[in-house]
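Enquirer: the following comprises the amino acid sequence and a computationally predicted model.
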Amino acid sequence: ETCASSAPSLVVTLRRDCLGTSAIRPVVDFVARRLQSLACRASPLQPLQQLVRRLSSLAAMKLPDLAAVCAAAIIGVLAERLRAKAAATSTAAIERKPGFKAWRMSKWVKHNGRIETQGLVGTDKDATVDVQTAQALARLDAILTEAGSSRDKLLSITIYLRDIDRDFEGMNSVYDPWLGEEKPTRACVQTKLGHGWLVEIRAQAAA
């Protein structure tokens, strides 16, 4: 009984509300026929009534308004995909390489296409600053190669000196020729280094 009275009225309502929108008439007719065939099997009938109201409100729009609604829907889908991609990127795997003191630090860490190294000193703490700088840079070269990068992909370098007034030029005499064609950003800081070291270098690079 519900099918006999309610289903046809739904179809009539849909077709009447969409009467002035000939551009989407074939779509409306198709949906109306589907509603008519499904209405008798639907229990309860309320979801179909809600669908009719939504379709009628869209069909009653002028074409420019309908295009605006469609464009907004497309933009919403694209925005959601970008948000999902950003969320996936933020949880990307972090690759770590244990250092000499593996219980305390990693030698380098790679995440999202970026490599960051530990602070690197030379191998002879009794050597002059230029020798210690050359030794630290050789270790940096080895780490970059191991992590899948190179000095041409360096993004930034931080250099720590025990005595910046005394050792700045000596460090630069080795550092400047060592650089590749692409120059990274650099910061040079005076600080108290332990164990007799005169210079320590750490870097960030693209993978």
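Expert: Yep, that arrived.
Enquirer: drop to CA atoms for contacts and neighbour counts, all remaining ones
Expert: Will do.
Enquirer: distance of P184 relative to A84?
Expert: 32 Å (C-alpha to C-alpha, to the nearest Å).
Enquirer: comparing these two, which residue is more hemmed in?
Expert: P184 (17 against 12; other C-alpha atoms under 10 Å).
Enquirer: that one and A127, how far apart?
Expert: From P184 across to A127, the span is 27 Å (C-alpha to C-alpha).
Enquirer: got it, and E181?
Expert: From E181 over to A127 (counting by C-alpha to C-alpha), the distance is 28 Å.
Enquirer: the two: which is more packed in?
Expert: Per other C-alpha under 10 Å, whichever of E181 and A127 has more neighbours is A127, with 15 against 9.
Enquirer: distance check, the more buried one against W197.
Expert: Here A127 is placed at a distance of 9 Å from W197 (C-alpha to C-alpha).
Enquirer: okay, A84: pLDDT?
Expert: Confidence at A84, expressed as pLDDT, is 74.
Enquirer: mind checking what secondary structure it has?
Expert: When classified by DSSP: H, G, I helix; E, B strand; the rest coil, A84 comes out as helix.
Enquirer: quick one, strands of this protein?
Expert: Assigned by DSSP state E, the chain shows strands spanning 94-98, 106-111, 114-117, 154-161, 185-190, 199-206.
Enquirer: how about TSV for those strands, with mean neighbour count and mean pLDDT added?
Expert: What follows is the strands of the chain, written out as TSV (neighbours: other C-alpha atoms under 10 Å; pLDDT from 0 to 100):
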stretch	mean neighbour count	mean pLDDT
strand 94-98	14	91
strand 106-111	19	94
strand 114-117	22	96
strand 154-161	19	98
strand 185-190	13	97
strand 199-206	23	97
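Enquirer: and the ones you listed as CSV, adding distance to I75?
Expert: Formatted as CSV, the strands of the chain follow (distance: least, C-alpha to C-alpha, whole Å):
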stretch, distance to I75
strand 94-98, 32
strand 106-111, 30
strand 114-117, 31
strand 154-161, 35
strand 185-190, 38
strand 199-206, 32
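Enquirer: which one of the ones you listed lies nearest to Q135?
Expert: strand 199-206 (10.2 Å; C-alpha to C-alpha).
Enquirer: which residues touch the closest one?
Expert: Residues outside strand 199-206 that contact it (C-alpha atoms under 8 Å, 6 or more residues apart in numbering): 113-122, 129, 132-133, 136-137, 140, 144, 149-151, 153-162, 193.
Enquirer: and the residue nearest to H111 when sequence neighbours are not counted, what does it touch?
Expert: Sequence neighbours aside, I94 is the residue nearest to H111 in space, at 4.9 Å (criterion: C-alpha to C-alpha, 6 or more residues apart in numbering). For I94, the contacting residues are V109, K110, H111, N112, by C-alpha under 8 Å, 6+ apart.
Enquirer: tell me which residues of stretch 126-143 come out buried.
Expert: Of the residues in stretch 126-143, 129-141, 143 count as buried by neighbour count, 16 or more other C-alpha atoms under 10 Å.
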